[in-house]
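K.L.:
here you go, sequence then predicted model.
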Amino acid sequence: MILLDTHVIIWLTTDTRSLGPQSRTFYERALADNEAAVSATSFWEIAMLMGKGRLKGSISAREQRRAILESGIQELPMTGAIAIDAAELADLHGDPADRFIVATALAHRATLLTADRQLLAWGEGNLSRQDASQ
């Protein structure tokens with residue numbers, strides 16, 4: 001299973017060419033195998049970005065969520081266990097959304113598809129990562 005970081009979901013829904021060719025293939029295979037997922041936290045992030053005017057779209061965050069899920073991407077819920085795991089991640093920066101997404105990937109043994117340099121460089125844990133820019 002792969003877990004798409006929030007910016008990767010945004011790239012896919014806005015048809016941005018930022019997703020690298022290797023990662024696009026990785027994503028398309030996962031989607032075809034019903035193994036592509038997004039954390040519920042990413043929908044919160046998208047709604048917050050839209051609310052602050054930092055992400056513009058012709059449809060609401062709620063409509064974006066529906067379209068993403070209808071495309072075949074699975075939603076992985078935030079659980080109490082994931083929230084606790086996120087708080088206990090060693091040496092990961094303090095961004096709560098990133099911590100929740102990493103904890104979700106770890107809980108589901110998913111490969112995190114991200115271009116976030118801090119997440120790619122994080123040396124702790126058993127987080128499998130794919131650089132989305134490649």
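P.N.:
That came through, no problem. Numbering: from 1, shown residues only.

K.L.:
so residue 1 makes contact with residue 108?
P.N.:
Yes - with contact defined as C-beta atoms under 8 Å, residue 1 reaches residue 108; the gap is 5.9 Å. C-betas here are computed from N, CA, C, even on glycine.

K.L.:
shared neighbours of these two, anything?
P.N.:
residue 37 (C-beta atoms under 8 Å, 6 or more residues apart in numbering).

K.L.:
in space, what's closest to residue 60 - neighbours in sequence excluded?
P.N.:
Once flanking residues are discounted, residue 60 sits nearest to residue 50: 7.5 Å by C-beta to C-beta, 6 or more residues apart in numbering.

K.L.:
distance of residue 56 from residue 37?
P.N.:
25 Å (C-beta to C-beta, to the nearest Å).

K.L.:
look at the two and report which has more neighbours.
P.N.:
Using other C-beta atoms under 10 Å as the criterion, residue 56 and residue 37 rank with residue 37 on top: 21 against 8.

K.L.:
need the three-state assignment for residue 3.
P.N.:
strand (DSSP: H, G, I helix; E, B strand; the rest coil).

K.L.:
residue contacts, it?
P.N.:
37, 38, 39, 76, 101, 104, 105, 108, 110, 111, 112, 113.

K.L.:
again with residue 50
P.N.:
56, 57, 60, 61.

K.L.:
neighbours of the second one, how many?
P.N.:
Neighbour count for residue 57, taken as other C-beta under 10 Å: 14.

K.L.:
quick one: the strands in the protein?
P.N.:
Under the criterion DSSP state E, the chain contains strands at 2-4, 36-39, 74-76, 111-114, 128-131.

K.L.:
make CSV out of these and add distance to residue 122.
P.N.:
Converted to CSV, these look like this (distance: least, C-beta to C-beta, whole Å):
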stretch, distance to residue 122
strand 2-4, 15
strand 36-39, 16
strand 74-76, 19
strand 111-114, 10
strand 128-131, 8
